[in-house]
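Student: take a look and give me a structure for this.
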Amino acid sequence: MDQPTHRQIEGHRKETLSEERFRLVASHIDEAFWLTSPEERDVYYVSPAYETIVGRSCDSLYADPVSWIESLHPEDRQRIREAMGTRGHGLHRDKRDGEYRVGTTDGALRWIRIRSVPISGEGDGVVARAFFAMDVTERRELRSAALHDKLTRLPNRALLSERLTRAIERSKKDPLYKFAVLFLDFDRFKIINDSLGHEVGDMLLISIAERLTANLRKRDTASPFWEGHVAARLGGDEFVILLDDICDTSDATAVADRLQTALSAPHSIRGHDVISTASIGIVNCAGEYDRAEDIIRDADIAMYRAKNTGKARHVVFDEQMHREAVERLALEEDLRRALDRQEFRLAYQPIVDLESGRLTGFEALLRWTHPQRGAVPPDDFISLTEEIGLIVPLGAWVVREAATQLKKWHDQMPQDPPLEMNVNLSRRQLGQDDLVDTLRRIIDETGVNPESLKLEVTESAMMESPERVTGLLNELKGLGVKLCMDDFGTGYSSLSCLHHFPIDVLKIDRTFILNTEGNREYAAVIHAIITLAHTLKMTVVGEGVETGGQLAQLQALDCDAAQGNFFSPALSATAAEAYLRGPQGLAKSA
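Tutor: All right, here's what the predicted structure looks like:
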């Protein structure tokens with residue numbers, strides 16, 4: 001028998017050392033590692049970490065090179081088998097590469113990432129295949145936490161955007177694919193938060209999330225599309241639902257109907273039966289969108305239409321809503337610049353004493369002259385200034401402008417008692433911590449007599465938070481100003497509430513005045529209001545007087561004062577000054 005040559009002995013030694021080093025390195029790698037033949041019929045090597053990460057013995061893998069699949073969650077196991085084929089030998093790497101769930105002995109789930117790499121030898125041939133398995137549970141949990149709302153555990157905006165982007169991409173490739181987005185906002189959530197506290201509000205949000213999830217899991221017998229849905233929380237009481245792969249656009253409205261029924265049932269929270277209905281905006285999509293944020297925007301627009309047309313209903317988005325939203329956005333941008341560009345002005349509507357016919361004062365009314373649109377009706381922009389927060393600096397400008405004008409008239413045309421000026425305060429202004437300081441500063445800087453200023457607050461704004469508003473009104477009274485409750489009779493309070501507020505003047509809403517002629521019921525209500533107000537030492541003003549008959553009715557009911565187009569529309573400062581200097585009042589109007 002021939003003895004091995006020195007070269008053969010040296011080659012064998014190097015091969016042995018190489019294998020030992022390989023095994024040493026492999027045993028210190030955190031990833032599990034195994035090496036198979038090109039067709040995965042034989043396993044050459046399995047690292048010790050395989051048993052820890054994959055959860056099966058190394059011997060089992062030596063016995064069957066694809067037995068690692070048996071460690072996977074049944075759903076993932078089925079998915080990978082369908083991708084790989086019946087046996088799985090000799091398939092491309094992209095059929096197996098991915099992240100999969102693995103069960104543990106205590107019943108928990110871990111996530112592992114599987115990668116396969118072909119190993120090439122001399123030439124172009126594949127001589128082996130290397131597999132790597134890494135535990136990615138912690139990374140997935142961190143990513144999941146970043147993509148889910150902490151309170152409700154629902155997907156957040158980021159995860160929703162990912163899913164919407166994938167839906168958009170699919171809709172571009174598949175003309176038959178449709179999906180829909182529902183934007184939900186709850187109609188009474190702020191009231192619940194304010195009255196029962198934020199902890200109850202949080203519990204309500206959790207209950208809402210549970211109902212959304214439970215109802216979307218139910219398979220609709222007429223439309224089997226539920227597996228692809230996503231219910232997400234954007235923040236506050238805003239939720240968005242993605243309905244994936246729907247059969248028809250009517251499916252979305254059917255889901256909205258079902259959700260509104262489920263959500264309107266009382267939520268039992270800490271002994272309270274809390275009811276909060278949802279307004280829902282719907283966008284049906286079939287390839288026309290390019291960005292997730294555009295879909296959410298349009299669903300939000302439709303939701304606001306639902307809220308503004310009665311709440312507790314759903315509205316499907318259409319192009320007319322989009323055009324209106326674009327116009328509104330342009331108006332909003334113009335509004336933000338209008339104050340700096342000095343496009344606002346005040347108009348002054350006379351208030352007349354009904355006994356003497358004497359002009360007692362004016363109500364300062366905001367007007368906007370747009371450089372292209374011309375005069376913009378107040379109804380088109382006043383509420384918008386409140387929504388976007390512009391009403392706070394604009395409201396301060398109105399008070400300053402009105403106070404400056406009143407001081408000028410007091411100096412030029414003194415009278416006894418002094419001319420008065422009514423100025424409106426919005427609910428946004430009432431929520432400002434520095435309101436009293438701002439008004440005090442305006443009074444000091446303009447030098448106006450505070451007793452001649454009447455600050456008007458709507459009945460609805462007072463009733464939104466009566467205790468807080470009462471304290472604020474008392475602070476305002478401390479400045480020396482008078483206070484008016486505006487729009488009384490709009491249905492938010494009752495006569496019995498009047499004595500709670502430090503009110504000097506009660507202004508009866510114009511809807512009552514318009515119905516006084518020939519209507520005994522309205523006249524009786526006005527009479528009751530006037531009688532109670534006089535008992536509480538309040539002056540009563542009727543708004544919106546348009547005819548002599550309405551005027552006569554108010555006089556017969558012992559109303560103190562009135563304003564409206566019967567006397568004069570709102571006037572420019574110059575016209576109001578002329579009105580002041582002329583023989584104004586009932587004698588002229590009769």
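
Student: these two touch, right, G548 and F566?
Tutor: Yes - using CB atoms under 8 Å, G548 and F566 qualify as a contacting pair, with a distance of 7.0 Å. Quick note: C-beta positions are derived from backbone N, CA and C, even for glycine.

Student: between these two, which has more neighbouring residues?
Tutor: Per other CB atoms under 10 Å, whichever of G548 and F566 has more neighbours is F566, with 17 against 12.

Student: quick one: pLDDT of the more buried one?
Tutor: F566 is assigned 95 on the pLDDT scale.

Student: and it, how far is that from G549?
Tutor: F566 is 10 Å from G549, where distance means CB to CB, to the nearest Å.

Student: going by neighbour count, list what's buried in stretch 126-143.
Tutor: For stretch 126-143, the neighbour count (16 or more other CB atoms under 10 Å) marks 128-129, 131-135, 137 as buried.

Student: for the residue most central in space within the chain, phi and psi?
Tutor: Residue closest to the average C-alpha location in the chain (CA atoms, centre = their mean): E238, at 5.0 Å. Phi and psi for E238, reported as degrees, to the nearest 10, are phi -100, psi 120.

Student: just list whatever residues bridge to it.
Tutor: D185, G235 (DSSP bridges).

Student: how close does it sit to D149?
Tutor: 11 Å.

Student: what of N308?
Tutor: In terms of CB to CB, N308 sits 27 Å off from D149.

Student: higher neighbour count, the two?
Tutor: The neighbour count for N308 versus D149, taken as other CB under 10 Å, is higher for D149 (18 against 10).

Student: contact partners for that one?
Tutor: Contacts for D149 (CB atoms under 8 Å, 6 or more residues apart in numbering) come out as 155-156, 232-233.

Student: kindly recompute the last result at 7 Å.
Tutor: By CB atoms under 7 Å, 6 or more residues apart in numbering, the contact set of D149 is 156, 233.

Student: quick check: phi and psi at it.
Tutor: Note on D149: backbone dihedrals following degrees, to the nearest 10 are phi -70, psi 130.

Student: same thing with P266?
Tutor: Torsion angles, degrees, to the nearest 10, at P266: phi -60, psi 140.

Student: helices along the stretch 51-200 of the chain, start to end?
Tutor: With DSSP state H, counting those that start in this stretch as the criterion, the stretch 51-200 of the chain has helices at 58-63, 74-84, 137-146, 157-173, 189-196, 198-217.

Student: and R400, which of those is closest to it?
Tutor: Taking CB to CB, helix 189-196 is the member of those nearest to R400, at 30.6 Å.

Student: give me the helices and strands touching that closest one, please.
Tutor: Judged by 3 or more CB pairs under 7 Å, 6 or more residues apart in numbering; DSSP states H and E, the packing partners of helix 189-196 are helix 198-217.

Student: buried stuff in the helix it packs on?
Tutor: Going by neighbour count (16+ other CB under 10 Å), the buried part of helix 198-217 is 200-201, 203-209, 211-212, 215-216.

Student: tell me the domain boundaries of this structure?
Tutor: For the chain, automatic domain parsing gives the domain ranges 31-142, 148-317, 329-580.

Student: tell me which element T360 is part of?
Tutor: strand 359-370 (DSSP states H and E).

Student: list the buried residues for that strand?
Tutor: Quick answer for strand 359-370 (16+ other CB under 10 Å): 359-368, 370.

Student: how about stretch 562-571?
Tutor: Neighbour-count burial for stretch 562-571 flags 562-564, 566-568, 570-571 (criterion: 16+ other CB under 10 Å).

Student: looking at those residues, which is nearest E162?
Tutor: A570 (53.4 Å).

Student: from what I see, that closest one and Y348 are in contact.
Tutor: Yes - the pair formed by A570 and Y348 meets the contact definition of CB atoms under 7 Å, at 6.3 Å.

Student: dump the buried residues of helix 198-217 to CSV, plus distance to P118 and pLDDT.
Tutor: Output for those, formatted as CSV (distance: CB to CB, whole Å; pLDDT from 0 to 100):
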residue, distance to P118, pLDDT
V200, 60, 90
G201, 57, 90
M203, 55, 93
L204, 55, 93
L205, 51, 94
I206, 49, 94
S207, 53, 94
I208, 51, 94
A209, 46, 93
R211, 50, 92
L212, 46, 92
N215, 48, 86
L216, 43, 82
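
Student: for these, which one is nearest R110?
Tutor: A209 (26.3 Å).

Student: ok, now which ones touch that closest one?
Tutor: Applying CB under 7 Å, 6+ apart, the residues contacting A209 are 152, 154, 233.

Student: show only the entries of those found in strands.
Tutor: Per DSSP state E, strands hold the following members of the contacts of A209: R233.

Student: tell me the confidence at S223?
Tutor: With respect to pLDDT, S223 scores 34.

Student: hmm, who's touching stretch 422-431?
Tutor: So stretch 422-431 is contacted by 351, 361-364, 386, 389, 391-392, 395, 398-399, 402, 435, 453-457, 461, 464, 469, 472, 484, 486 (CB under 7 Å, 6+ apart).
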